[in-house]
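K.L.:
would you be able to build a 3D model of this:
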Amino acid sequence: MWMIPEQNQSWVSEFILLGFSSHPTTNSILFTVFLLIYLSSVMGNGLIIMLICMDTQLHTPMYFFLCILAMLDLCYVTTTMPQMLVHLLAKSQTISFASCWLQMYVFGALAATECILFVVMAYDRYVAICYPLHYTVILNWGLCLWLAAGQLATGTCVCGFLSALLHTFFTMSLPYCGPNKVNHYFCEGPAVRSLACMDTHLIEMVDQILISLMSLTPISLIVASYVHIVMAILKIKSTQGRCKAFSTCASHLTVVTLFYVPASYMYMRPKSSYSPERDKQISLFYNAFTALLNPVVYSLRNKDIKGAFLKVIGHGKVDC
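P.N.:
Next up is the predicted model:
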């Protein structure tokens, strides 16, 4: 049975993040690769934010939520990547207990907030497809601001605060009295918890219940939205109309899949399938690569984003 350790328990004051390699040459190569990924993520999401803010044609609910997603991705990737880049070049790869605690919490809170945002974006697509003539009336700016300030704040303060705080508290309150080498590139719950000096089975069960609720509830709402969307699209008589309707949802479905599939595997799989090396690669995908790919996914087939970008590079300004 799990309990808070006694005060005389020997505590670890810092952790050592092993990262991906201990070979200097390999680390130099990885530093270059990850630096390019991080800078591309920052520039890509920064460009999306800039274009949406500058071009009045992009001042619609869909792009408003896309702008928030880009800001979240910037914060999300910055939580882990800069530290990893420093550790790839520095001789010391240590992180204090308090910094590890904070990183784990912020990472979890941002992930919870992004889950809530995906639901809001699914609702946006639901209204656009199912009630196209009333889209601007239903999703007026007052509702958009309420969804952003109210629902996303709820996602951070309630979902993020409670679930991420409980997840972090349960993990960091375990007794760490021996090894302090975390086989990961940042303080992620399962990797840190594996160093605890006690059986963590009960904690893992509670953690899985919390994470399942936090992931399955948004997924269920997104699936429900798309069931109605598909039914509405199938009623469209023209093939061209169906294709156009499906294409407006393709980007959202892609980014949701890129985020949820690896994250769900990481946090909802049984302990018996734990593999440090594989888990580092999976977490890198939903942490770094999603922030890199989301701007690409939303820009490749989006004429409005392309048009705004061409205005910037072609005329030096956009109409405001």
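K.L.:
how much space separates I29 from E114?
P.N.:
30 Å (Cβ to Cβ, to the nearest Å). From N, CA and C alone the C-beta is placed, and that goes for glycine too.
K.L.:
so for the two, which residue has more residues nearby?
P.N.:
Neighbour comparison, I29 and E114: the larger count goes to E114, with 24 against 13 (by other Cβ atoms under 10 Å).
K.L.:
so who does the more buried one touch?
P.N.:
69, 72-73, 76, 259 (Cβ atoms under 8 Å, 6 or more residues apart in numbering).
K.L.:
doesn't it belong to a strand?
P.N.:
No. Looking at E114 with DSSP: H, G, I helix; E, B strand; the rest coil, it is helix, so not inside a strand.
K.L.:
so it versus T78, what's the distance?
P.N.:
To T78, E114 is 14 Å away according to Cβ to Cβ.
K.L.:
got the phi/psi numbers for the residue nearest the centre of the chain?
P.N.:
By Cα atoms, centre = their mean, the chain has its centre lying nearest to A111, at 4.5 Å. Backbone geometry at A111, expressed as degrees, to the nearest 10, gives phi -60, psi -40.
K.L.:
so how far is F285 from it?
P.N.:
14 Å.
K.L.:
what's the answer for I138, then?
P.N.:
Note on I138: its distance to F285, by Cβ to Cβ, is 35 Å.
K.L.:
kindly report the same for L165.
P.N.:
Using Cβ to Cβ, L165 is found at 25 Å from F285.
K.L.:
please say which of these two ends up with more neighbours.
P.N.:
Set L165 next to F285 and count neighbours by other Cβ under 10 Å: F285 wins out with 17 against 13.
K.L.:
got a pLDDT number for the more buried one?
P.N.:
Confidence at F285, expressed as pLDDT, is 83.
K.L.:
likewise for D73?
P.N.:
92.
K.L.:
quick one, what contacts it?
P.N.:
41, 45, 114, 290-291, 294.
K.L.:
any chance of those in a markdown table, plus secondary structure, pLDDT and distance to E14?
P.N.:
Supplementary listing: the contacts of D73 in a markdown table, determined by DSSP: H, G, I helix; E, B strand; the rest coil; pLDDT from 0 to 100; distance: Cβ to Cβ, whole Å:
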| residue | secondary structure | pLDDT | distance to E14 |
| --- | --- | --- | --- |
| S41 | helix | 93 | 28 |
| N45 | helix | 93 | 32 |
| E114 | helix | 86 | 29 |
| T290 | helix | 88 | 29 |
| A291 | helix | 89 | 28 |
| N294 | helix | 88 | 34 |
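K.L.:
show me which pair in these is furthest apart.
P.N.:
Spanning the widest gap among the contacts of D73 are S41 and E114, at 14.2 Å by Cβ to Cβ.
K.L.:
before we move on, the earlier item: just among the contacts of D73, which is most surrounded?
P.N.:
A291 (27 neighbours).
K.L.:
extract the residue ranges of the chain that are flagged as low pLDDT.
P.N.:
Scanning the chain for pLDDT under 70 picks out 1-10, 146-161, 270-274, 301, 315-320.
K.L.:
repeat that with 50
P.N.:
Low-confidence segments of the chain, defined by pLDDT under 50: 1-9, 316-320.
K.L.:
in it, which spans are helices?
P.N.:
24-54, 61-78, 81-89, 97-130, 135-138, 141-146, 152-154, 165-172, 189-193, 201-234, 239-268, 276-284, 290-300, 303-315 (DSSP state H).
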